[in-house]
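Asks: based on what follows, work out the 3D shape:
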Amino acid sequence: MKEKEIINRTQMPVTVSNMIRDMQVLGIRKEDNILVHSSLSSLGWVCGGAHAVVQALVKSVGDGGTLTMPAQSGDWSDPDEWENPPVPQEWINMIYNEMPAFDPLITPTRGMGRIAELFRTYPGTLRSQHPQVSFCSNGKYAEYVTSDHPLTPQFGEDSPLGKLYSIGAKVLLLGVGFDSCTSFHLAEARLESMPIKRMGTAMLKDGKRVWEWFTDFAYDADDFSRIGERFEAGGHVQHGKIGNATCSLFDLKEAVDFAEKYLQKHRVNN
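Replies: Below is the predicted model of the structure:
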């Protein structure tokens, strides 16, 4: 959305102080551990942009809390499967051979939004080592959340999602819907009948750049919005506004457990 359009639909500037107040009303508390999915444009005109949003989140959870955001880098995947946009077939082998190895300090996010991309560079933020679906975390449990992220299963019990589950994290959907709710992938990873697919990435192995092939579950977010609607209907979600953004706050463990039961019924048995 163009900035002029954002200004025109914003009655008053969104600031760090009023975002902190909105977060408190929504239910965010000091020492909370929160997985954040976000859309900057949904907030309206923010004084300080993504920087201000991250600052408000950091202040809201305080020194004893932990913020985590997805830092996925979709370009570090098999180019033969790229669709947005696809590349010519004759380029594929060159990409396999020439794509730089994933570097958690340098490799940018893709499709995560401006807030998550700025958070990646925020002082004290750590990033997990997965070349495709890394997470960034800042605060008390940041090292625990981001350490030893396995290549496969990338969203399993030993991933940042599994660790957030274990520390009782909350999920904040800031201006986005349940189709962005990455934690539901942890529920998928628990299904015995999940299909498997081959994946590839450029990464460092024993200090050398390699193109690494591996197998993982064929994760599928197509029904995440439906799962979220059913979860909300059970009264598990707190709703509110941060700036102009419609937001949802809920317990990650409750959401994953609900999604696992839903998937067992609607995917496994159909």
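Asks: all helices in the stretch 1-150 of the chain, in order from the N-terminus.
Replies: 3-8, 16-26, 49-61, 92-98, 114-120, 142-146 (DSSP state H, counting those that start in this stretch).
Asks: which of these comes out lowest on mean pLDDT?
Replies: Of all those, helix 3-8 carries the lowest average pLDDT, namely a mean of 65.
Asks: Glu212: what's it in contact with?
Replies: Shown in contact with Glu212 (CB atoms under 8 Å, 6 or more residues apart in numbering): Leu151, Gly200, Thr201, Ala202, Met203, Lys205. All C-beta atoms are positioned from the backbone trio N, CA, C, and that covers glycine.
Asks: buried subset of those as a PyMOL selection?
Replies: Here the buried members of the contacts of Glu212 are turned into a PyMOL selection, burial being counted by 16 or more other CB atoms under 10 Å:
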select buried, resi 151+200+201+202+203
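Asks: with distance to Val53 and pLDDT added, can I get the contacts of Glu212 in CSV?
Replies: Formatted as CSV, those follow (distance: CB to CB, whole Å; pLDDT from 0 to 100):
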residue, distance to Val53, pLDDT
Leu151, 31, 96
Gly200, 34, 96
Thr201, 30, 97
Ala202, 31, 96
Met203, 31, 96
Lys205, 36, 92
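Asks: tell me how far the most centrally placed residue in the chain lies from Ser39.
Replies: When the chain is reduced to its mean C-alpha position, the closest residue under CA atoms, centre = their mean turns out to be Pro70, at 2.8 Å. Remark: distance between Pro70 and Ser39 (CB to CB, to the nearest Å) = 13 Å.
Asks: how about Phe250?
Replies: For Phe250, the distance to Ser39 - CB to CB - is 18 Å.
Asks: neighbour count winner among these two?
Replies: Comparing Phe250 with Ser39 by neighbour count (other CB atoms under 10 Å), the higher total belongs to Phe250, at 23 against 17.
Asks: residues contacting that one?
Replies: Lys170, Val171, Phe231, His236, Val237, Gln238.
Asks: list buried residues within those residues.
Replies: Lys170, Val171, Phe231, Val237, Gln238.
Asks: now find how far off-centre stretch 78-92 is within its chain.
Replies: Using CA atoms, centre = their mean, to the nearest Å, the mean C-alpha position of stretch 78-92 is found 24 Å from that of the whole chain.
Asks: endpoint to endpoint, that stretch covers what distance?
Replies: Start-to-end span of stretch 78-92 (CA to CA, to the nearest Å) is 9 Å.
Asks: what does it contact?
Replies: Ile95, Tyr96, Met99, Arg198, Met199, Gly200, Thr201.
Asks: on the three-state scheme, the fifth one is what?
Replies: What that stands for is Met199. For Met199, the assignment made with DSSP: H, G, I helix; E, B strand; the rest coil gives strand.
Asks: pairing partners for it in the sheet, please.
Replies: Phe214 (DSSP bridges).
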